[in-house]
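Novice: Mind looking at a prediction? Sequence and model below.
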Amino acid sequence: MSAIVDKASRATSMRTHTCGQLRPGDVGATVMLSGWVNSYRDHGTGLVFIDLRDRDGLTQVVFDLEDASQDLLDAADKLRSEDVVRVEGTVRVRDGGPNKKLETGEIEVVAQTITVLAKSDTPPFQPSDTSSLPNEEMRLKYRYLDLRRDEMQRMLKTRHRVTKVARDYFDEHGFLEVETPILCKSTPEGARDFLVPSRLSPGGWYALPQSPQLFKQILMVAGADRYMQITKCFRDEDLRADRQPEFSQIDLEMSFVSREDVMTMMEGFVRRLWKDVLGYDVPEMQRMSYSEALDRFGIDRPDLRFGLELVDISDLAAKTDFKVFTGALEKRKGCVKAIRVPGGASKLTRKLTDGYTEFVKQFGAGGVPVAKVGADGLETGIARFVESIAPELIERLGAEEGDTILFGADSYATCTRALGELRIKVAKDLDLIDPNKWAFLWVQDFPMFEYDEESKRFYSMHHPFTGPSADQLEKFLGADPSDRDTLEGIVSDGYDIVVNGSEIGGGSIRIHRQDVQKKVFQLLGISEEEAEAKFSFLLDALRFGAPPHGGVAFGLDRVVMHLAGTDNIRDVIAFPKTQTGSDVMCEAPNEVDAEQLAELFVANVGVPEPTAS
């Protein structure tokens, strides 16, 4: 990763340089540095050394009895880690030779005066100690100490660089940065809203925005033409390593565009970003349809850094009497797929493959049938149940002696998802993923709707403001809400940008016609009255001449995760929440008193009793 260097002068009345700026060209100069004591060393020979730290780096400061008074040496002797001090002194060539681990390692500062600006208690952990990090809860409780670490300062600088590149790039291409409301109306967008009671409208509630989606569309109706914003979004959903209840988007919208126009603009942004931050030249990005992604990789955000592709063997499975296969094929859209694991016979232990059965159960699959390829065909596992198709199966998979074959059999949705997730797990188990490789692609041609078996209704795969692709418009307008096959076959003008198996951005060409938007609501089972109550401002805006428009939202936090080389979203957010949604530093969420609740016309009904299992 290329260094992100602070080049601007930051001299103040308390410093002439930062602790990472001095070089051999400064030898002989009288300087003033301010920062934290990173480490302290008393050599017992009239010499005391401290490493002084700020966000730019470290400078070694020497207190030498030959050049200073005993009082100065005594003052230095009382310093401890994380004390805040100001030092004045002279720059000289580092005695004893350079320290190649430091940018300032060729020089040191011989102290002449020292001023203690603030003393520090003994910290619960040392920011300078990289060998033994405390647990994450401790890091988050004392986040101000955690952020002093070099690694966390690098995260902050990387995030700053990303947002600056974004603003520069989109400014160069004619985008206006416009702020949209944080207190807005609750509209169904998939996740739960965070709600805020209104004191001035008793019984009324604001919602925190899950995204600025409707506002940016209205900005296009308003003639803004090209909009961008780095904005906070809020979703009350279960958390994981790459998800937070409040997160940031680089939000974008463009008027009078096709899908290709939007994708070309955003691909240029990604190229600029990776080049500026990492010095990496992103090649032309591959395009892949949603259906191809699921067929080959089992997931709509495939990681292309390794193989292990899914192969459909439903036609071969139908020739067997193996009930796991035939039972799956009897289901609606049932299928059987397989993954060839090269060399898996010696690499995948019985313990691992047994564990895979438990792993796929969380995705609704019943298990993972297994067979190994031997010199004379299939061996072990389910070999005897598929003996009749073994030669065709081996040929279709391109399997060789010593390989392992993993199978999935269920409805198409369950089979592909389970094997898609298993594919990633196998790659990690066998160390097949090159961490230094970048694999970008666009996934496009998403279904417009997806059916939920539990609620027996359709939902928008992206959101209800995504338009159908142009060649699907007639089919869409004529669709009957009860015609499941037709609705599942309608393709939208949506697109996602994926890197290394992670979706970092997604968008679509939006609906700009009122009749099309109303039809979407109808197909989703939203009545005219409900649509009017929840979306009247959008429907009204579409009556007054809306331009064709589309856009993208990049997940800023996820983008920074990739560029900074971490897999934990909390590393790239200055003050994140825990996986239970808590801020352990400022102790939020917290209870409020009855008087505050009364002003908001809200009653505290208490915590519900846990439901008996």
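Specialist: Noted; the coordinates are in hand. Residues are numbered from 1 along each chain as shown.

Novice: all strands of the stretch 1-150 of the chain, in order?
Specialist: With DSSP state E, counting those that start in this stretch applied, the stretch 1-150 of the chain shows strands at 30-42, 47-54, 57-64, 84-93, 107-118, listed in chain order.

Novice: The last one: how far from the chain's middle?
Specialist: The chain centroid and the centroid of strand 107-118 are separated by 42 Å, computed with C-alpha atoms, centre = their mean, to the nearest Å.

Novice: Could you check the angle it makes with strand 57-64?
Specialist: Per axes from the mean of the first three to the mean of the last three C-alpha atoms, to 10 degrees, the angle that strand 107-118 makes with strand 57-64 is 90 degrees.

Novice: Name the residues of strand 107-118 that are buried.
Specialist: Ile107, Glu108, Val109, Val110, Ala111, Ile114 (16 or more other C-beta atoms under 10 Å). Where you see a C-beta, it was placed from the backbone N, CA and C, and this is true even at glycine.

Novice: again, but for the fourth one
Specialist: Within strand 84-93, the residues that qualify as buried are Val84, Val85, Arg86, Val87, Glu88, Gly89, Thr90, Val91, Arg92, counting by 16+ other C-beta under 10 Å.

Novice: mind listing what the third one touches?
Specialist: Looking back up the chat, that one is Arg86. Met14, Arg15, Met32, Leu33, Ser34, Ile114, Thr115, Leu117 (C-beta atoms under 8 Å, 6 or more residues apart in numbering).

Novice: And it, how far from Phe449?
Specialist: 64 Å (C-beta to C-beta, to the nearest Å).

Novice: Likewise for the fifth one?
Specialist: When distances are taken as C-beta to C-beta, Glu88 and Phe449 turn out to be 70 Å apart.

Novice: Let's have the contacts of Arg86 in JSON lines, adding distance to Pro576 and pLDDT.
Specialist: Output for those, formatted as JSON lines (distance: C-beta to C-beta, whole Å; pLDDT from 0 to 100):
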{"residue": "Met14", "distance to Pro576": "31", "pLDDT": "96"}
{"residue": "Arg15", "distance to Pro576": "31", "pLDDT": "96"}
{"residue": "Met32", "distance to Pro576": "35", "pLDDT": "97"}
{"residue": "Leu33", "distance to Pro576": "31", "pLDDT": "97"}
{"residue": "Ser34", "distance to Pro576": "29", "pLDDT": "97"}
{"residue": "Ile114", "distance to Pro576": "36", "pLDDT": "95"}
{"residue": "Thr115", "distance to Pro576": "35", "pLDDT": "95"}
{"residue": "Leu117", "distance to Pro576": "29", "pLDDT": "97"}
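
Novice: surely Phe269 meets Asp168?
Specialist: No - Phe269 lies out of contact with Asp168 (C-beta atoms under 8 Å); the separation is 10.2 Å.

Novice: Those two - which one has more neighbours?
Specialist: Higher neighbour count among Phe269 and Asp168: Phe269, with 21 against 12, using other C-beta atoms under 10 Å.

Novice: residues contacting the residue lying closest to that one once chain neighbours are set aside?
Specialist: Closest residue to Phe269 apart from its sequence neighbours, by C-beta to C-beta, 6 or more residues apart in numbering: Tyr169 at 5.2 Å. Neighbouring residues of Tyr169 by C-beta under 8 Å, 6+ apart: Gly268, Phe269, Arg272, Leu273.

Novice: and the angle for the lengthiest helix in the chain with strand 57-64?
Specialist: Looking across the chain with DSSP state H, the single longest helix is helix 150-172. If you take the same axes, to 10 degrees, helix 150-172 sits at 140 degrees to strand 57-64.

Novice: So what touches the following helix or strand past helix 150-172?
Specialist: Tracing the chain past helix 150-172, the next element assigned as helix or strand by DSSP states H and E is strand 176-177. For strand 176-177, contacts defined as C-beta under 8 Å, 6+ apart pick out Arg167, Phe170, Asp171, Ala224, Asp225, Arg226, Tyr227, Met228, Gln229, Ile230.

Novice: show me what contacts the residue nearest the centre of the chain?
Specialist: By C-alpha atoms, centre = their mean, the chain has its centre lying nearest to Arg558, at 2.4 Å. Applying C-beta under 8 Å, 6+ apart to Arg558 gives the contacts Asp242, Ser502, Glu503, Ile504, Ile569.

Novice: Closest one of those to Met461?
Specialist: Nearest to Met461 among the contacts of Arg558 is Glu503, at 12.9 Å by C-beta to C-beta.

Novice: From the contact counts, what lies against the host helix or strand of the closest one?
Specialist: Assigned by DSSP H and E, Glu503 falls within strand 502-509. Here strand 502-509 touches helix 259-278, strand 494-499, strand 549-555, helix 556-564, going by 3 or more C-beta pairs under 8 Å, 6 or more residues apart in numbering; DSSP states H and E.

Novice: what does the model give the closest residue in space to Phe575 that isn't next to it in sequence for pLDDT?
Specialist: Counting by C-beta to C-beta, 6+ apart, Phe575 lies nearest to Arg143, which is 6.0 Å off, once chain neighbours are set aside. Looking at Arg143, its pLDDT stands at 96.

Novice: Distance-wise, check Arg143 relative to Arg149.
Specialist: Applying C-beta to C-beta to Arg143 and Arg149 gives a distance of 11 Å.

Novice: Ok, Gln522 next?
Specialist: Applying C-beta to C-beta, the value for Gln522 to Arg149 is 55 Å.

Novice: Who has more neighbours out of those two?
Specialist: Using other C-beta under 10 Å as the criterion, Gln522 and Arg149 rank with Arg149 on top: 18 against 15.

Novice: In contact with that one: list those residues for me.
Specialist: Here Arg149 is in contact with Pro127, Ser128, Thr130 (C-beta under 8 Å, 6+ apart).
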